[in-house]
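Novice: what would the 3D arrangement of this be:
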Amino acid sequence: MTKLSDYVEIAAMEYLLETGKDELDAQWIAEFFQDSGVLDDYPRQDLVAFSDMVQKELTKTSERAGKQTRFQLDKIRRAK
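Specialist: Predicted structure coming up:
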């Protein structure tokens, strides 16, 4: 059985790859929740709670990417 945290990470990565956005679309996450097998493995899992976990992962990923970008830009700036 796939861990719930794995489903959250998969959903976040797929959403970023498909849309390039860090704000989760309700229809997209509802379709993922239904089609991906989350309900099969976790029949008591609530869509809203799952959506919140995916949004949190999206935010964390976005913030991490921003930090890495700022770090690389600072590195370039110092090299000049």
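Novice: tell me the phi and psi of Gln27?
Specialist: phi -70, psi -40 (degrees, to the nearest 10).
Novice: actually Ser5, not the one I typed
Specialist: The phi/psi pair for Ser5 (degrees, to the nearest 10) is phi -60, psi -30.
Novice: just the helices in the chain please.
Specialist: 4-19, 26-35, 38-41, 47-79 (DSSP state H).
Novice: who touches the first one?
Specialist: Okay, so that is helix 4-19. Residues from elsewhere that reach helix 4-19, judged by CB atoms under 8 Å, 6 or more residues apart in numbering: 21-22, 24-25, 28-29, 32, 36-38, 41-42, 45, 50, 53-54, 57-58, 61. All C-beta spots, glycine's among them, are computed from the backbone N, C-alpha and C.
Novice: re earlier: any chance of the helices of the chain in a markdown table, with mean pLDDT and mean neighbour count too?
Specialist: Putting the helices of the chain into a markdown table (pLDDT from 0 to 100; neighbours: other CB atoms under 10 Å) gives the following:
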| stretch | mean pLDDT | mean neighbour count |
| --- | --- | --- |
| helix 4-19 | 96 | 16 |
| helix 26-35 | 96 | 14 |
| helix 38-41 | 94 | 14 |
| helix 47-79 | 95 | 13 |
